[in-house]
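Asker: this is a predicted model, with the sequence first.
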Amino acid sequence: MTEALGAPEKMAERREELTPMLSQYLDLCERYDDALVLFQVGDFYETFCEAAEEAARVLEITLTAREDSTGTYPMAGIPIDNAEPYIETLLESGYRVAVADQVEDADATNSLVERAVTRIVTPGTVTEDELLGGDENNFVAALTGGDSYGLAFLDVSTGDFVATSADSRQQVRDELGRFAPAEAVVEPGVDAELFGADCMVTRFREDAFDAASAREKLDAYFGAPERRLAGDSEIRACGALLSYAEYTRAGQQDTLEYLNHLTRYDPRDYMVLDAVALRSLELFEPRSVHGREGTTLVDVLDETSCALGRRKLTDWLRRPLVDRDRIDARLDGVEELRGDLRTREELAEALRDVYDIERLISRVSRGRANARDLRSLETTLDVIPDLRELLVDADSGKLRDLRARLQDLSDVREEIGSAIVDDPPQELTEGGVIRDGYDETLDELRETEREGKQWIRDLEAAEKERTGVESLKVGHNSVHGYYIEVTKANTEHVPENYERRQTLKNAERYVTPKLKAREDEIVRAEGRADDREYELFVGVRESVAAEAERVQDVAAAVAELDALCSLATVAAEYDYARPEMREAGAPIDIEGGRHPVVERTEEGFVPNGVHLGGDERVAVITGPNMSGKSTYMRQVALVCVLAQVGSFVPAESAELGVLNRVFTRVGASDDIAGGRSTFMVEMTELADILRDADDGSLVLLDEVGRGTSTADGLAIARAITEYIHDETDALTLFATHHHELTDLADDLGEAVNLHFPATQTGDGVAFRHDVAYGAATASYGIEVAKAAGVPDDVVRRARELVERERERNAVEGATSGGAQEADGGSAPSDIEDALRDVDLAQTTPLEAMTVLQELKRRL
Ligand code: ADP
């Protein structure tokens, strides 16, 4: 949470003496006291006093001083023309920015220019393209407490608005993990620690969270909130979020009318992927491997053609489905497109011409779109009939449904097409935006302008003839306007009605009353035409804005189509197979599975299958470090996630029980959060898993217990696996390089041993990365040490120690076995067995003594 900057205190102390302008600044600072106020003074945004010192430091700009009759004030400013990069730095440094613009023409007033805050820029509510940096969604969240937690997420730049409820803090975290909001508005009294360091926590007016006012707010935008939302908490979260969004638009609430789509979702309708799982499976963020930036799942799936599709694909990944019908519907669409290369390529080609119409229509509705934006919207709408045509023979329900949703918005297209010129300028106030023939008044004004200019063009010839001066010229400059120029040598021929305006070295410049009148007429017509154009443009923009909802519906269909095409392309190009979905709790069967990300970077990736379920519900995977255990476990999880997104999967075949959740406890040493020790983090995550895993869960455990002593670690790992096995029906993959743990599978009825064999080579070991049933036979650590060049003596000594340990275990096993047997009365034969197992050739005298002592004790 950022510190409130406060109004500049030093300034406040001398409030009485301040000039009107600084007093105006101070008022704004006090009113927006949790933001840094950027105060327009001419071409600059200025800050003063403490705020100036702060801004100078953060932005690395020069601290200057303003001097007036009342004193000297520190001041730091940024140019308005190039303000965005500075605002971006401020946001990144944890500030909110209140932009106070001059809201009246400075030349038109003699007194203090009026200024008002026109927007409040915060990390979660930015809409400026320059600040959004990329196609991804940028969410602001709201969180309320009460009987249950209410959660809402809004992307102001696209209009995406979703809500849900959560019963526990953990569930809140899980849902926050999906959307990774940049900012959160939190109800007073609700724990802000639920948000990570990447999220700015904002405290907002308490009354915005009030049920009655939230209801009223929602009603104004969407109609009765009960129709869309479940329960007070959700309603209060959504209402507060709307109030906050309005607040950042500095009271221009009508500009948020494009927020037409509020959808609530039930977390149970999607696979839960909490922040830990998202991170360890690298869905969106690579875990930096020794500072090397990696590839993520979304990267390898992204063959989309437009920003809409990219965001949709990300959203699908964020929320994999659990409903088999919905999954199959998407798979049907992907299958159809995969099988039809031609259509797919033509669709992709057409989709490449699609602009980010979600953001465009949002700009249109907020009154921030210029003529080029409208043109881009039209160009995109032009593509729609092509898309419909390409889907005319579509077979699958999914594609047919999309085709139906791709409405031909010809009215909107025509509206824009008939009004706006083909290649309009960026500026809206300087004309050249509206087509000829669109508006009679504008045409007349333009005609007047044209006629006037033509008259002036003809003037030169006419005056030459009248005066007989061949060198006479008609010209124009910005100070004097039109003039007739005659060289000094010819001034005697100048007629009476010429009035001298300007004397140059070799010439005189004149005007005539008629020329002046014509000129005035032209200037007046120009000015009125510009005004008229702006007015017409705003009219067009407003009538397009009125169709925002239809445009958004079309945008949503385009987005889905692009995402499906992307999945189909990946399926075709990387040889993916259609997964067969089974009910929740059914086994996972994958043949020839691959890790979707590693297979792209690793040459000769070795495919591996898995059968998980029934009496092989828990797999204990052993093998040396670097043999491929983690890759294998993640690959199983990723295949399941992909399938539930509706994607084909990197495998020869896959039959998959639907998962409602993937738990991961992977990679012991990389995440040290909030000062807790790695081991503590690990145990906290494990506690969550043990509490929540059920028969629809897939649990990945990698090297559990690494953060503590080997003995403790092994004991904890064993106890946890036993617990998961006995107390839950979760499908579990458990990887360890301790082959001490392989006997777990013997003890547990529904567990099985898998291992990654290593091949001994001349100078060490090689990994084949292929999984096999059974336990790993040995630890190859010493071979690896040898291959790495550790001196022979050390290697020999290590072998000796391993051997000794093994024997000691054998003896312990024998003796403890003996103890059990002793209860049954057959102890002597067991002691005999133990004795027989002692290999004297390999036993040191001291070890022999130990064995003897133990045997005696037992007897
Ligand atoms: P472990 O978890 O056993 O220490 P990893 O899964 O981290 O091993 O794999 C070690 C390395 O081996 C990875 O970086 C990867 O490049 C490679 N690897 C893993 N699995 C395969 C495979 N199936 N085919 C080819 N290379 C693989």
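Answerer: Arrived safely. These numbers come from a predicted model, not from an experiment.

Asker: need the residues that contact the helix or strand encompassing residue 25.
Answerer: Take DSSP states H and E as the rule and residue 25 turns out to sit in helix 20-31. For helix 20-31, the surrounding residues in contact (C-beta atoms under 8 Å, 6 or more residues apart in numbering) are 6-8, 11-12, 15, 18, 37, 39, 41, 48, 51, 68, 70, 73, 98, 100, 111-112, 115, 117. C-beta here means a position set from N, CA and C on the backbone, and glycine is covered the same way.

Asker: can you point out the buried residues in it?
Answerer: Under the neighbour-count criterion of 16 or more other C-beta atoms under 10 Å, helix 20-31 has 21, 22, 24, 25, 26, 28, 29 buried.

Asker: okay, those residues in JSON lines with pLDDT and distance to the ligand next?
Answerer: Shown next, in JSON lines, are the buried residues of helix 20-31 (pLDDT from 0 to 100; distance: C-beta to the nearest ligand atom, whole Å):
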{"residue": "21", "pLDDT": "90", "distance to the ligand": "63"}
{"residue": "22", "pLDDT": "90", "distance to the ligand": "62"}
{"residue": "24", "pLDDT": "92", "distance to the ligand": "62"}
{"residue": "25", "pLDDT": "93", "distance to the ligand": "58"}
{"residue": "26", "pLDDT": "92", "distance to the ligand": "60"}
{"residue": "28", "pLDDT": "92", "distance to the ligand": "56"}
{"residue": "29", "pLDDT": "91", "distance to the ligand": "54"}
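
Asker: those: which two are farthest apart?
Answerer: Largest separation among the buried residues of helix 20-31 by C-beta to C-beta: 21 and 29, giving 12.8 Å.

Asker: and residue 748, what does it touch?
Answerer: Going by C-beta under 8 Å, 6+ apart, residue 748 touches 618, 721, 722, 725, 726.

Asker: pull out the buried members of those residues.
Answerer: Buried members of these, scored by 16+ other C-beta under 10 Å, are 618, 721, 725.

Asker: the ligand contacts on the stretch 551-700 of the chain?
Answerer: Contact residues, the stretch 551-700 of the chain versus the ligand (C-beta under 6 Å from any ligand atom): 598, 602, 605-606, 608, 623, 625-631.

Asker: after the lowest-mean-pLDDT helix or strand in the chain, which helix or strand is next? Please name it.
Answerer: Counting by mean pLDDT, DSSP states H and E, the weakest-scoring helix or strand in the chain turns out to be helix 792-824, with a mean of 64. Where DSSP H and E defines the elements, the next helix or strand beyond helix 792-824 is helix 827-837.

Asker: what mean pLDDT does that next one get?
Answerer: The average of the pLDDT scores along helix 827-837 is 66.

Asker: dump the C-alpha coordinates for it into PDB.
Answerer: C-alpha atoms of helix 827-837 as PDB (Å, rounded to 0.1, in the frame of the first residue of the first chain):
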ATOM      1  CA  ALA A 827      12.000 -64.800  16.400                       C
ATOM      2  CA  PRO A 828      14.900 -67.200  16.300                       C
ATOM      3  CA  SER A 829      14.600 -68.100  12.600                       C
ATOM      4  CA  ASP A 830      14.500 -64.400  11.800                       C
ATOM      5  CA  ILE A 831      17.700 -63.700  13.600                       C
ATOM      6  CA  GLU A 832      19.200 -66.600  11.700                       C
ATOM      7  CA  ASP A 833      18.100 -64.800   8.500                       C
ATOM      8  CA  ALA A 834      19.700 -61.600   9.600                       C
ATOM      9  CA  LEU A 835      22.900 -63.400  10.400                       C
ATOM     10  CA  ARG A 836      22.900 -65.100   7.000                       C
ATOM     11  CA  ASP A 837      22.500 -61.700   5.300                       C
END
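
Asker: show me what that helix is packed up against.
Answerer: helix 792-824, helix 845-858 (3 or more C-beta pairs under 8 Å, 6 or more residues apart in numbering; DSSP states H and E).

Asker: how far away from the center of its chain is it?
Answerer: Distance, stretch centre to chain centre, for helix 827-837: 65 Å (C-alpha atoms, centre = their mean, to the nearest Å).

Asker: same thing with stretch 501-509?
Answerer: Offset of stretch 501-509 from its chain centre (C-alpha atoms, centre = their mean): 65 Å.

Asker: quick one: the residue of the stretch 101-250 of the chain found nearest the ligand from residue 269, how far?
Answerer: Nearest residue of the stretch 101-250 of the chain to the ligand: residue 177, at 23.9 Å (C-beta to the nearest ligand atom). Distance, residue 177 to residue 269, by C-beta to C-beta, to the nearest Å: 16 Å.

Asker: next: residue 514.
Answerer: Distance of residue 514 to residue 269, given as C-beta to C-beta: 78 Å.

Asker: about what we covered before: now the two most distant members of the residues of the stretch 551-700 of the chain next to the ligand.
Answerer: Taking C-beta to C-beta as the measure, these span a maximum distance of 18.8 Å, between 605 and 625.

Asker: about what we covered before: C-terminal to the helix holding residue 25, what's the next element?
Answerer: That would be, after helix 20-31 and using DSSP H and E, strand 36-41.

Asker: what residues does that next one touch?
Answerer: By C-beta under 8 Å, 6+ apart, strand 36-41 touches 5, 21, 25, 28-29, 45-48, 51, 54-55, 77-78, 80, 83, 87, 90, 95-102, 115, 117.

Asker: what lines up beside that strand in the sheet?
Answerer: strand 44-48 (antiparallel), strand 97-102 (parallel) (DSSP bridges).

Asker: out of the ones you listed, deepest packed?
Answerer: Greatest average neighbour count among the strands paired with strand 36-41 goes to strand 44-48 (a mean of 23), per mean count of other C-beta atoms under 10 Å.
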